[in-house]
Each structure stands twice: as C-alpha cells, then as structure tokens.
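> Mind folding the following:
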Amino acid sequence: MQKFRVTEMVPGPLVAQIGRISVQWSILELQVEQAIWQLDGLTRKEGRLITAKENLYPRLKRLLKLANEKLKDQQLVEIKTIIKDIKVIAKRRNWAIHGLYGMDQAGKFHSITYRDDPKGIAYQADQPSLRAVRVSISEVRRRLEAAIPAR
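Model (predicted):
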C-alpha cells in the first residue's frame, strides 16, 4: 500500500457527504426494523423490544427468516436481493464512516481501513465516490419501502 498522511482536516464537502451517508444509513436501519415489525405483526413498542439491541446483521437475518415464512414470489425475491445489496453497501458505508482519512503523495484523499487487511486498504474518497455510496443507500431504501411499505 502506498504511503498516506492521515489527517483530521478533511475538506468540508467530503465531511458533508460523510454526514449525508450517516443520515441515510440511520434511516435505512430504521426501515429494516420496521419491515421486521410489519412482517411479524408487531407494534412499534413490541418490535423495539426485539430489535433495539440487535445490530444490522442479526436484523437482516431476522428479516430474511420472516420473509421466507411470510412472503412469496417476486416480493420474496426482491427482499432477498435487497438484503444482499445492503450487505454490499454496508462495507462501502463502513469505509466512508469509519475509515481513517488521509492524503496520498499526490494530495488526493482516501479512506483507509485495516479491517479486512492488516496492511490497509485505501478507498478513493472524493465527492463522486462518497456521493455514490449515499445514492446506493437511498436506492435500497426506496426498494425496501416499495417491497414492504411502512404502516
């Protein structure tokens, strides 16, 4: 991996995109919870007792189990696809939110993560790449809402 200078001085436009990713992700996590509650016939209060302490992956597992029990045909296929897409997007979201930000020798910003590789993996961190993460979260949110509309 090339050398990076880690910095806390991330440019404002990148900070804004990181914040938008965070907001979109929080809404997506709530939508996953609501889909679980709806499929399980639970009120918000009842559902929160079950899902509040779970992180995303146990929630997705629970959603898949309920979908397999309660949904059919295209709706089931769509939920399975959405769950797979959320898992892919989660990795991209994590590098954007949890990565160390730094500049390479050419002055380009990257988000660096050591989670999957002890030597580090650098992801390009510019407005278009961060915007793409946010847009993919927004798109999967719309698809989830269409597949299992909130009550």
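
> drop to CA atoms for contacts and neighbour counts, all remaining ones
Will do.

> quick one: contacts for residue 133?
Residues near residue 133 by CA atoms under 8 Å, 6 or more residues apart in numbering: 21, 89, 92, 93.

> quick one: the helices in this protein?
Under the criterion DSSP state H, helices of the chain are mapped to 12-40, 44-51, 56-70, 73-98, 127-147.

> Nearest to residue 114, out of those helices?
Among the helices of the chain, the nearest to residue 114 by CA to CA is helix 73-98 (9.7 Å).

> In that closest one, which residues are buried?
Using 16 or more other CA atoms under 10 Å as the test for burial, helix 73-98 gives 76, 78-80, 82-83, 86, 89-90, 92-93, 95-97.

> same question, stretch 3-14
4, 6, 14.

> Ok, stretch 58-77 next?
Result for stretch 58-77 [16+ other CA under 10 Å]: buried residues 59, 60, 62, 63, 64, 66, 67, 76.

> Go through the residues you listed and say which is closest to residue 135.
Looking across the buried residues of stretch 58-77 and measuring by CA to CA, the closest to residue 135 is residue 60, at 20.4 Å.

> pretty sure the closest one contacts residue 30?
No - assessed by CA atoms under 8 Å, residue 60 is found out of contact with residue 30, at 11.8 Å.

> Pick out the residue nearest the middle of this structure.
By CA atoms, centre = their mean, the chain has its centre lying nearest to residue 90, at 3.8 Å.

> Low-confidence stretches in this structure?
1-2, 151 (pLDDT under 70).

> isn't residue 99 right up against residue 111?
Yes - counting by CA under 8 Å, residue 99 does reach residue 111; the two are 5.0 Å apart.

> Spit out the contact partners of residue 100.
Going by CA under 8 Å, 6+ apart, residue 100 touches 6, 7, 111, 112, 113.

> Could I get those residues in a markdown table, plus columns for distance to residue 25?
Shown next, in a markdown table, are these (distance: CA to CA, whole Å):
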| residue | distance to residue 25 |
| --- | --- |
| 6 | 25 |
| 7 | 24 |
| 111 | 18 |
| 112 | 20 |
| 113 | 19 |
